[in-house]
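Student: Starting from these lines, generate the structure:
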Amino acid sequence: MVELTPPPAGFTLLHPVGACPASPLDPEPLRRQLEIMGGLDRPTVFVYALGRWQHTRRIIEALPDIRFLIGDCFPLELVDGPRVAWFLYPFHQLPQAQAAARAGARIVASGRGEYWHPMDRAAEHYAEVAADCDELYKLADTITPLTWSFARNLMERIPEVAATRFKTIPNGIEPSSNPEPAILPNRVKKAGPVVLTLTNTNYQHKRRGIDEAAAILAPLPCTYLVAGLPGPYAPQVGWFYPGAYYLGLAEEPRATLAAADIYFHLSYQDTQSMALTEAMAEGLAPVVCVTATSGAHELIRDGATGLVVSGPKEAAAAVSHLIDHPEERQRLGEAARRYAKTALSWPTVAQRHRQVFEELF
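Tutor: Residues are numbered from 1 along each chain as shown. The predicted structure is shown next:
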């Protein structure tokens, strides 16, 4: 059972997240619980979160007047009022979505980067996961991808899905706490400004982005640092390319960001990079490369809150420009910080979800 202390208003767990009960739930205790929480006819959002509800909690906390129930399977028929079934990570949840549709609930499916990740897995596994996701998206009344790039990818995969059913809603981000910069290892000899990438190395496509970034930045008078969650495709801690150093796990990501001057993002697997938004919140000037399976560039207004580039030469030129013009780094970084604080705040993101839910209620 996931414990929440104290639970947000309007929030309850009906049963342990991650496993449906082997036998039907006794409806009477649930019925009494729902009566206490506003009655059986109160509009309700059933949250299917697969145990990954950190982001969900921030949205729920900002919408205390909406009733949320979180779990993996529900007796939806207990609620007489409007019902929305919200699938945050639509993996292995097609049976739950089909049951929700049969019960007459309106369905919201989030579009997140994990849908692209199975490209690195075995072909058979990817085909199975993707097929289930496709069918779930077909059932959805509204799809809320993090970016339009992901929406376009879905429409190419699933022609039956109409564009009017998409409403992009990014993840929110915590504002800066102004951390003290992390102390870099003694072996890191700074040669000019520090350019940083935070990522994980769980997938080959993530490592591909790191290696290509290192090659782009090698000729420039800067130090390129990579940190994040170690995975099977991580370099050895230390220098892994001329001028490029892998730090390993970033235990305090915000402090690591505070030690850098420029943030560089080149990824083949990100709908919306949380590390990029954290860099923006910390006031780093971001340089973001456009790729076919990343929507990160949509977070940046080119020339206003960062630089958006296509191809190695343009990326090198952009970073070189910021190396030579510290005042431009500061201007872009401060603009990125303001954007993250307003457009990507959790209250702002929550209100966009409210609009989706109320339209379906």
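Student: Show the average pLDDT along the helix or strand hosting residue 35.
Tutor: Element membership of residue 35, judged by DSSP states H and E, is helix 27-36. Helix 27-36 shows a mean pLDDT of 77.
Student: Run the chain-centre distance for that helix.
Tutor: The chain centre lies 34 Å from the centre of helix 27-36; the measure is CA atoms, centre = their mean, to the nearest Å.
Student: Identify all contacting residues around the next helix or strand after that helix.
Tutor: Per DSSP H and E, the first helix or strand lying C-terminal to helix 27-36 is strand 44-48. Identification of contacts with strand 44-48 by CB atoms under 8 Å, 6 or more residues apart in numbering yields 34, 53, 56, 60, 66-72, 74, 76, 79, 81-88, 93, 96-97, 100, 105, 357. Placement of C-beta: from N, CA and C, glycine included.
Student: Report the buried residues of the helix holding residue 35.
Tutor: 30, 34 (16 or more other CB atoms under 10 Å).
Student: go on, stretch 224-244?
Tutor: Residues of stretch 224-244 classed as buried: 224-230, 233-235, 240-241, 243-244 (neighbour count, 16+ other CB under 10 Å).
Student: Tell me the one of these nearest residue 148?
Tutor: Distance to residue 148, by CB to CB, is smallest for residue 228 among the buried residues of stretch 224-244, at 25.7 Å.
Student: Distance of the nearest residue to residue 192 once chain neighbours are set aside relative to residue 316?
Tutor: The spatial neighbour of residue 192 that comes closest, neighbours along the chain excluded (CB to CB, 6 or more residues apart in numbering), is residue 221 at 4.0 Å. Here the distance between residue 221 and residue 316 works out to 12 Å (CB to CB, to the nearest Å).
Student: Which of those two has more residues huddled nearby?
Tutor: Of the pair residue 221 and residue 316, residue 316 is the one with more neighbours under other CB atoms under 10 Å, namely 18 against 12.
Student: Is it correct that that one falls within a helix?
Tutor: Yes. Residue 316: assigned to a helix according to DSSP: H, G, I helix; E, B strand; the rest coil.
Student: Cross-check the contact I'm expecting between it and residue 217.
Tutor: Yes. When contacts are counted by CB atoms under 8 Å, residue 316 is listed as touching residue 217 (7.3 Å).
Student: need the buried residues of stretch 224-244 in a markdown table with secondary structure, distance to residue 340 and pLDDT, can you?
Tutor: Shown next, in a markdown table, are the buried residues of stretch 224-244 (DSSP: H, G, I helix; E, B strand; the rest coil; distance: CB to CB, whole Å; pLDDT from 0 to 100):
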| residue | secondary structure | distance to residue 340 | pLDDT |
| --- | --- | --- | --- |
| 224 | strand | 23 | 96 |
| 225 | strand | 21 | 96 |
| 226 | strand | 22 | 96 |
| 227 | strand | 20 | 94 |
| 228 | strand | 19 | 86 |
| 229 | strand | 21 | 82 |
| 230 | coil | 26 | 84 |
| 233 | coil | 29 | 90 |
| 234 | coil | 27 | 92 |
| 235 | coil | 29 | 92 |
| 240 | strand | 30 | 94 |
| 241 | strand | 30 | 94 |
| 243 | coil | 28 | 92 |
| 244 | strand | 26 | 94 |
